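Novice: sequence plus predicted model, see below.
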Amino acid sequence: MQTDFIIAAIAGYLLGSIPFGLILTRAFGAGDVRQIGSGSIGATNVLRTGRKGLAAATVLLDAGKGVAAVLLAAALWPGTEGVAAVAAIVGHCFPIWLRFKGGKGFATAAGVLLALHWPSFLICAAIWAATVFASRMSSVASLTAVTFAPVVVWALDRADLVPALIAVAIVVWFQHRANIGRLMRGEEPRIGAK
């Protein structure tokens, strides 16, 4: 059983570490996304290339690898889904191929939540949307959604998922530390602001 957890963690990490944002921007002639904006490989930074289609594809693929990690674990090593979920986030944020400098993890976090418990995903998606509407800040919405995720699964009688989602939230918060600093200084840009 312990071996199953180790294998699931490795598989989740490797799936999560696929740098879709970098792959897409290079493949479609948008350059190295790490050389612009925040240097992140995530969709928000891909959007800074001006290629909305690539940013949308990055969101879907980054979420998809989170879904894939959880579903693979459920199929091959039942009971290890939470470990695979956390490992996928860690892989996205700290990919071995890119010297452990990856994205901020929110899209992949959304994917793992969708695969772990889709009703909770829908509620957290609504929380994210409401926060975006109220704050017009992507970072605030992302941090709010991942923070509420453990509470939501607990309220929906899936307390078994709480430890994994707390770990996911910690990683995502850590990756947003620059955003948090800007928020505290009142410098975080709003969506649509020039």
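Specialist: Looks like it arrived, so ask away.
Novice: what sits up against the top helix by length along the chain?
Specialist: In the chain, taking DSSP state H as the definition, the longest helix is helix 52-76. Here helix 52-76 makes contact (C-beta atoms under 8 Å, 6 or more residues apart in numbering) with 7-8, 11-12, 15-16, 18, 20-21, 24-25, 28, 30, 42-44, 46-47, 49, 80-81, 83-85, 87-89, 92, 103, 107-116. Every C-beta, even on glycine, is put in place using the N, C-alpha and C of the backbone.
Novice: helix or strand next in line after that helix, which one?
Specialist: helix 81-93 (DSSP states H and E).
Novice: can you give me the helices for this structure?
Specialist: So, for the chain - with DSSP H - the helices run 2-16, 20-27, 43-47, 52-76, 81-93, 106-116, 118-135, 138-155, 162-175, 177-185.
Novice: in this protein, what helix or strand scores lowest on average pLDDT?
Specialist: helix 43-47 (a mean of 82; mean pLDDT, DSSP states H and E).
Novice: how distant is that one from the center of its chain?
Specialist: Distance, stretch centre to chain centre, for helix 43-47: 13 Å (C-alpha atoms, centre = their mean, to the nearest Å).
Novice: now for it, which elements pack on it?
Specialist: Where contact means 3 or more C-beta pairs under 8 Å, 6 or more residues apart in numbering; DSSP states H and E, helix 43-47 is packed against helix 20-27, helix 52-76.
Novice: report the inter-axis angle for the longest one versus helix 20-27.
Specialist: Read it as helix 52-76. For helix 52-76 against helix 20-27, the angle by axes from the mean of the first three to the mean of the last three C-alpha atoms, to 10 degrees is 140 degrees.
Novice: what is the burial count for Gln2?
Specialist: Neighbour count of Gln2, defined by other C-beta atoms under 10 Å: 6.
Novice: quick one: low-confidence parts of the protein?
Specialist: 192-194 (pLDDT under 70).
Novice: mind running it again at 90?
Specialist: 1, 26-52, 55, 99, 138, 187-194 (pLDDT under 90).
Novice: what sits against the nearest residue to Val162 once chain neighbours are set aside?
Specialist: What sits nearest to Val162 in space, not counting adjacent residues and going by C-beta to C-beta, 6 or more residues apart in numbering, is Pro150, at 4.7 Å. By C-beta under 8 Å, 6+ apart, the contact set of Pro150 is Leu161, Val162, Leu165, Ile166, Ala169.
Novice: roughly how far apart are Pro150 and Val132?
Specialist: For Pro150, the distance to Val132 equals 21 Å [C-beta to C-beta, to the nearest Å].
Novice: picking that back up, most neighbours among the contacts of Pro150, please name it.
Specialist: Highest neighbour count within those, by other C-beta under 10 Å: Leu165, with 29 neighbours.
Novice: check contacts around that one.
Specialist: Ala85, Leu113, Leu116, Val146, Ala149, Pro150, Val153.
Novice: could these be laid out in TSV, adding distance to Lys65?
Specialist: Shown next, in TSV, are these (distance: C-beta to C-beta, whole Å):
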residue	distance to Lys65
Ala85	11
Leu113	13
Leu116	14
Val146	17
Ala149	18
Pro150	22
Val153	21
